[in-house]
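A.B. asks: here is the input, now give the coordinates:
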Amino acid sequence: MNVRLEAFRILNRLFRGEQVFLDKEYSASIKTGELSIPDRSFLVHLVRGIVKFYPQLQEIASTYLQKPKSLPKKVQIILYLGLFQLAVDTRIPDYAVVSETVELARLTHSHPWIKLVNAISRKAAAERIRWCKQAEHWGMVLPQWLEEYWRIYLTRGEMNQLKKSLVLPPVLYLRVNSLKTNSQKLIETLSKKYSIVVNSLPMLPNALNTQLDYSQLVETDEYQKGYFSIHDFSSQIMVHLFAPKPGEKIVDIGCGSGGKTLMMAQIMKNQGCIHAVDVHPEKLKTLEVLAHRQGIDIIQTLAADATQPLPQELFSSDRVFVDAPCSGWGTLRRNPEIGILRNKSDNQSLAEKQFQLLCQASALIKKNGIILYCVCTMTPEETEGVVGAFEKLKPEEWEVNLPGDSQLQPELKSTILTDDKSYRIWPHYFNSDGFFGKAWRKL
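C.D. replies: Residues are numbered from 1 along each chain as shown. Below you'll find the predicted structure:
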């Protein structure tokens, strides 16, 4: 498999308007078994990088062309693949970038444009030092409406820091399965068996990180036997804030394939009951496989639309976790395609669904029970808008609560707790996903 051609294929579909989610595309390419480990990483690096730096690459192209946007879309993508390698990926020699970019034009049947691609690539290669110096200062270009909203919370310096952090590769975070091992044992095992360097994170129990490639980690025996999971740091924080306890009855609304659900079960020491609810049966099947692998048997899955009334067996729960589907702007580092696939107009329709989920979920709580709402985004409609509307419904029934507050390290608490009422994790805090969360206790 030609890596650049595969990158072109994915990008061509995305920029032509298809609903292309990059993680799914990478996984499909990797599963063919035709890519070496270095090529897997290169594919992800190319595709993510071009989506993140698309505006800057257009600016470079406009130095040599009057109207680069007027070129056929596939020719633009070919040029940007080459320009990205010249400006950002300095490991590849100039001549190789030019040669491979011209070859890609041939492979994509862009023969009328080969001379142009060759000429632009050579001119950019001759000025490579200039473009590399500029690229050192690049940050992600955000939609204007989103940047204006985020500036309410962040200073100019913090905003620049956020933008620069978003163009970095995602940090790979692990979560140790405390039912099978502990952090120290896992760190030693991965080091001795595979020479994999893994670092512990004192801010959060059982959280680790590594610079290794994702596909290498999931091929280890320890992953296959359920000794650890791949789990974003901010997502782990949200589960700690939820603070489930052994023996409790818990409902996880919008559980997906169960990263947070499995972590809840481990914190609960596999004691009690978790009802995992999602509208997608295929995700629940993945959760069941992972639960078996990790030695967890307290999870009961339910395929249902949680915007509608839920079964009686879910009522009188101790805690309900509402992991609402959202616009995902907090995941831009991992999922830069969000900037192409989402518009501001999506926020309100998502917020309406989130509000319905929260209302239905609130009916499941028994007296003194806890409900936590979280989204991996920061738009006004999906954060303050949803929780504000919920609090106006029956204010006498609920009080703001911070269930896992006492379990957080002081430095972590002071970073993410806003106004003593809600949690906001910005992507540049830990180079992980951005999250908003708020919890209440039923009076």
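A.B. asks: number of nearby residues for Tyr64?
C.D. replies: Tyr64 is flanked by 17 other residues according to other Cβ atoms under 10 Å. (Each C-beta comes from the backbone N, C-alpha and C, glycine too.)
A.B. asks: so which helix or strand of the chain has the lowest pLDDT on average?
C.D. replies: Within the chain, no helix or strand scores below strand 417-418, which has a mean of 81 by mean pLDDT, DSSP states H and E.
A.B. asks: what residues does that strand touch?
C.D. replies: 153, 402, 405, 423-424 (Cβ atoms under 8 Å, 6 or more residues apart in numbering).
A.B. asks: and which of these is nearest to Val167?
C.D. replies: Closest approach to Val167 among these (Cβ to Cβ): Tyr153, at 20.3 Å.
A.B. asks: and the residue lying closest to that closest one once chain neighbours are set aside, how many neighbours?
C.D. replies: For Tyr153, ignoring the flanking residues on the chain, the nearest one in space by Cβ to Cβ, 6 or more residues apart in numbering is Arg424 at 7.1 Å. Arg424: 19 surrounding residues under other Cβ under 10 Å.
A.B. asks: next secondary structure after whichever strand or helix holds Arg424?
C.D. replies: Element membership for Arg424 (DSSP states H and E) is strand 422-425. Reading on from strand 422-425 to the C-terminus, the next helix or strand found by DSSP H and E is helix 427-430.
A.B. asks: can you name every helix or strand that that following helix contacts?
C.D. replies: On a contact count with 3 or more Cβ pairs under 8 Å, 6 or more residues apart in numbering; DSSP states H and E, helix 427-430 meets helix 156-166, helix 233-242.
A.B. asks: re the thing from before, packing partners of the strand holding Arg424?
C.D. replies: Using 3+ Cβ pairs under 8 Å, 6+ apart: strand 422-425 touches helix 233-242, helix 410-416, strand 435-442.
A.B. asks: show me the strands in the stretch 301-443 of the chain, by range?
C.D. replies: Applying DSSP state E, counting those that start in this stretch to the stretch 301-443 of the chain gives strands spanning 317-323, 365-375, 398-400, 417-418, 422-425, 435-442.
A.B. asks: same question but for the stretch 51-200 of the chain, I mixed them up
C.D. replies: Going by DSSP E, counting those that start in this stretch, the stretch 51-200 of the chain shows strands at 172-176, 198-200.
A.B. asks: relative to helix 233-242, how tilted is the longest one?
C.D. replies: Read that as strand 172-176. 40 degrees (axes from the mean of the first three to the mean of the last three Cα atoms, to 10 degrees).
A.B. asks: in its sheet, what does strand 172-176 sit against?
C.D. replies: When pairing is defined by DSSP bridges, strand 172-176 lines up against strand 207-210 (antiparallel), strand 228-230 (antiparallel).
A.B. asks: can I get those in JSON lines including mean neighbour count and distance to Thr418?
C.D. replies: Compiled in JSON lines, the strands paired with strand 172-176 are given as follows (neighbours: other Cβ atoms under 10 Å; distance: least, Cβ to Cβ, whole Å):
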{"stretch": "strand 207-210", "mean neighbour count": "20", "distance to Thr418": "22"}
{"stretch": "strand 228-230", "mean neighbour count": "20", "distance to Thr418": "28"}
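A.B. asks: would TSV of the ones you listed with distance to Ile338 be doable?
C.D. replies: Output for the strands paired with strand 172-176, formatted as TSV (distance: least, Cβ to Cβ, whole Å):
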stretch	distance to Ile338
strand 207-210	23
strand 228-230	20
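A.B. asks: what distance do you get for Cys255 to Leu107?
C.D. replies: Between Cys255 and Leu107 the computed distance is 42 Å (Cβ to Cβ, to the nearest Å).
A.B. asks: for the stretch 51-200 of the chain, which spans come out with low pLDDT?
C.D. replies: In the predicted model of the stretch 51-200 of the chain, no residue satisfies pLDDT under 70.
A.B. asks: in space, what's closest to Arg441 - neighbours in sequence excluded?
C.D. replies: Asn401 is the one closest to Arg441 (Cβ to Cβ, 6+ apart), at 4.0 Å.
A.B. asks: I should have written Val20 there, sorry.
C.D. replies: Leu14 (4.2 Å).
A.B. asks: so what's the residue count around the one you found?
C.D. replies: Counted with other Cβ under 10 Å, the neighbours of Leu14 add up to 22.
A.B. asks: now do the SS call for it.
C.D. replies: Here Leu14 is recorded as helix under DSSP: H, G, I helix; E, B strand; the rest coil.
A.B. asks: ok, it - contacts?
C.D. replies: 20, 22, 51, 337, 340.
A.B. asks: quick one: buried ones out of those residues?
C.D. replies: Among those, those classed as buried by 16 or more other Cβ atoms under 10 Å are 20, 22, 51, 337.
A.B. asks: among these, which one lies nearest to Ile274?
C.D. replies: The closest of those, once distances to Ile274 are taken by Cβ to Cβ, is Leu22, at 30.1 Å.
A.B. asks: to Ala303, which of the strands of the stretch 51-200 of the chain lies closest?
C.D. replies: The minimum distance between Ala303 and those falls on strand 172-176, with 25.3 Å, by Cβ to Cβ.
A.B. asks: any chance you could list what contacts the closest one?
C.D. replies: Applying Cβ under 8 Å, 6+ apart, the contact partners of strand 172-176 are 182-183, 186, 198, 206-212, 214, 217, 227-233, 236, 263, 432.
A.B. asks: roughly how far is that strand from the heart of the chain?
C.D. replies: Relative to the chain's own centre, strand 172-176 is displaced by 14 Å; criterion: Cα atoms, centre = their mean, to the nearest Å.
A.B. asks: pull out the buried positions in that strand.
C.D. replies: Buried residues in strand 172-176, counting neighbours by 16+ other Cβ under 10 Å, are found at 172-176.
A.B. asks: tell me how far the residue nearest to Val20 lies from Arg48.
C.D. replies: Taking Cβ to Cβ as the measure, Leu14 falls 11 Å from Arg48.
A.B. asks: any common contacting residues for the two?
C.D. replies: With Cβ under 8 Å, 6+ apart, Leu14 and Arg48 have common neighbours Leu22.
A.B. asks: in space, what's closest to the residue nearest the centre of the chain - neighbours in sequence excluded?
C.D. replies: A centroid search over the chain (Cα atoms, centre = their mean) returns Thr331, at 4.0 Å, as the residue closest to the centre. Ranked by Cβ to Cβ, 6+ apart and with sequence neighbours excluded, the top spatial neighbour of Thr331 is Asp433, at 4.9 Å.
A.B. asks: show me the contacts for the one you found.
C.D. replies: By Cβ under 8 Å, 6+ apart, the neighbours of Asp433 are 232, 234-235, 330-331, 333-334, 376, 425, 427.
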